[in-house]
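K.L.:
Need the 3D shape of this:
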Amino acid sequence: MTPAPAPAAQRKGRILVVDDQRNMRATTALLLRAEGYVVDEAGSGEEALGWLADHQVDLLLTDLKMEPMDGLQLLKRAVELAPRLSVIVMTAYGSIETAVEAMRRGAYDYITKPFKDGELIHRVDKGLEHAGLVSAVDLFAGEFKARHGLSSLVGRSQAMRDLTTRISRVAASEATVLVQGESGTGKELVARAIHALSGRSRAPFVPVNCAAITESLLESELFGHARGAFTGAVKARRGLFEEAHGGTIFIDEVTETAPAFQSKLLRVLQEGEVRRVGESASIKVDVRTVAATNRDIEVEVNDKRFRQDLFYRLAVVTLVVPPLRDRLEDVPILAQHFLDRANVRSRKPHRFHPTALDHLASYGFPGNVRELENLVEQAAALAEGEELLPDDFPLRRKSGEAVQVQVPAQPSGGPVQSLADAVTDAERRAITSALEQSPHDLSRVAEVLGVSATTLWRKMKRLGLKTTGEEPQLS
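P.N.:
Okay, here's the model as predicted:
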């Protein structure tokens, strides 16, 4: 490792140059130092990882063709060590496909050798700018996630990096935002991030799910009502727009609303005032609106189920949250995050066997991040051993769909039961024993085992144990 000398006119950012060709590495480092960067050098991927483990680095500039650890392997391990690190890969002409694959795995950019000095400086500047933006926003810092509940925005995929960049940019504005995405992708988390990073962060964030409120009550819920406005209105009540004054209101599943309500919502957005049900006077409100839907809202507009003028008013900026199946490289990071959280609650040191992570990463997750979170929590709750195996994660695959998962090799010296089979047998014995004590009370059995009734029912179904009733309803 060659430590960096202190330059006379230092630029912001520290760079680590990794190349197993000494002349190329030294020439590149010399060029960057001449521009005022602090530059360190490493002659191999292993050396670079050692340096990253002990030092703060803002940008990693690495060659792809190295031995024994190549640039793709270094990239994978480097971003695990330093998630906010910007990585630029250097590749010879003709290896562009490999460079593009590196970007898919989390690299910020690539540059083809031989490159011009100005081109390298430009790309390095942009890479450091990106690193600075991520550090300033600090969207994935543990304290920030804990404070604002943004845990499910974890990810190193290009799709998530693009999304968080757009979040950070739109948060500083006052623009109305429409968040689109499937159920379970984390649309409310995006809305919370926008609010938390905005100038309104000290004021309330007020969420409302239109699909969970009947049409007759929705107007009163959002706009408030006067005393005696309808049966049961024994006193005047402020609506959620008034509650959110100075802050942000998040209107989830906005396409579930009726045309009459959409007309009134449009007026609120245009005029910046609400009129309580049963009153004639309007009340001024200063609220930023973020709306969300899991439907194709343009189809809803074309089919006359959603007002076009309201659509344009809401979609000043549109953010699309990618489904988990389109960013499966994020599954191991998310799974580990959810397991760490479950371990804290249960005070047990569960860990994944590598085959379990491969098992999860091969799945399409129709329920998105929420489904992954539930799977991990279920496995952590039911597993008796510390290591979680593929069988601890029953996946709802389509009929006929198969997956190849490597199973740990059996020790020599005769037939030995696999750990997965041992865990399954232990689960079967525990559930059977609890059922013998309370054969007609699944709720009691679930309480004894320390799991939910739904988790118990699904586990019994997978193990082939007989049940005495229908699947419990989700609470």
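K.L.:
only C-alpha atoms for contact and neighbour calcs from this point on.
P.N.:
OK.
K.L.:
quick one: the closest residue to Gly199 other than its chain neighbours and Val287, what's the gap?
P.N.:
Computed as Cα to Cα, 6 or more residues apart in numbering, the closest residue to Gly199 that is not its neighbour in sequence is Ala172, at 6.9 Å. Relative to Val287, Ala172 is positioned 15 Å away (Cα to Cα, to the nearest Å).
K.L.:
Show me which of those two is the more surrounded one.
P.N.:
The residue with more neighbours, out of Ala172 and Val287, is Val287; 25 against 14, by other Cα atoms under 10 Å.
K.L.:
quick one, phi/psi of that one?
P.N.:
Backbone geometry at Val287, expressed as degrees, to the nearest 10, gives phi -140, psi 140.
K.L.:
Just the pLDDT for it.
P.N.:
If you check Val287, the pLDDT there is 96.
K.L.:
got the contact list for it?
P.N.:
Residues near Val287 by Cα atoms under 8 Å, 6 or more residues apart in numbering: Phe241, Ala244, His245, Gly246, Gly247, Thr248, Ile249, Gly272.
K.L.:
Pipe these into a markdown table and attach neighbour count, pLDDT and secondary structure per row.
P.N.:
Output for the contacts of Val287, formatted as a markdown table (neighbours: other Cα atoms under 10 Å; pLDDT from 0 to 100; DSSP: H, G, I helix; E, B strand; the rest coil):
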| residue | neighbour count | pLDDT | secondary structure |
| --- | --- | --- | --- |
| Phe241 | 27 | 95 | helix |
| Ala244 | 21 | 95 | coil |
| His245 | 19 | 95 | coil |
| Gly246 | 19 | 95 | coil |
| Gly247 | 24 | 96 | coil |
| Thr248 | 28 | 97 | strand |
| Ile249 | 26 | 97 | strand |
| Gly272 | 16 | 93 | coil |
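K.L.:
packing partners for whichever strand or helix holds Glu219?
P.N.:
Applying DSSP states H and E as the criterion places Glu219 in helix 215-223. Counting by 3 or more Cα pairs under 8 Å, 6 or more residues apart in numbering; DSSP states H and E, the packing neighbours recorded for helix 215-223 are helix 240-243.
K.L.:
give me the low-pLDDT residue ranges for the stretch 301-450 of the chain?
P.N.:
Within the stretch 301-450 of the chain, the segments meeting pLDDT under 70 span 397-424, 440, 450.
K.L.:
all helices for it, in order.
P.N.:
308-314, 331-346, 354-361, 368-382, 419-437, 442-449 (DSSP state H, counting those that start in this stretch).
K.L.:
buried stuff in stretch 18-36?
P.N.:
For stretch 18-36, the neighbour count (16 or more other Cα atoms under 10 Å) marks Val18, Asp19, Asp20, Arg25, Ala26, Thr28, Ala29, Leu32, Arg33, Gly36 as buried.
K.L.:
and the two most separated of the residues you listed?
P.N.:
Asp20 and Gly36 (23.7 Å; Cα to Cα).
K.L.:
would you turn the helices of the stretch 301-450 of the chain into JSON lines with mean neighbour count?
P.N.:
Shown next, in JSON lines, are the helices of the stretch 301-450 of the chain (neighbours: other Cα atoms under 10 Å):
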{"stretch": "helix 308-314", "mean neighbour count": "16"}
{"stretch": "helix 331-346", "mean neighbour count": "17"}
{"stretch": "helix 354-361", "mean neighbour count": "19"}
{"stretch": "helix 368-382", "mean neighbour count": "20"}
{"stretch": "helix 419-437", "mean neighbour count": "16"}
{"stretch": "helix 442-449", "mean neighbour count": "17"}
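K.L.:
Need those helices in a markdown table (columns: distance to Leu218).
P.N.:
Shown next, in a markdown table, are the helices of the stretch 301-450 of the chain (distance: least, Cα to Cα, whole Å):
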| stretch | distance to Leu218 |
| --- | --- |
| helix 308-314 | 17 |
| helix 331-346 | 34 |
| helix 354-361 | 39 |
| helix 368-382 | 26 |
| helix 419-437 | 44 |
| helix 442-449 | 35 |
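K.L.:
Any idea which of the ones you listed gets closest to Gly118?
P.N.:
With Cα to Cα as the criterion, Gly118 lies closest to helix 331-346 of the helices of the stretch 301-450 of the chain, at 36.0 Å.
K.L.:
okay, and for the stretch 101-250 of the chain, where does confidence drop off?
P.N.:
133-153.
K.L.:
mind listing the helices for it?
P.N.:
117-137, 142-148, 158-171, 187-196, 215-223, 240-243.
K.L.:
Alright, that wraps it up for me.
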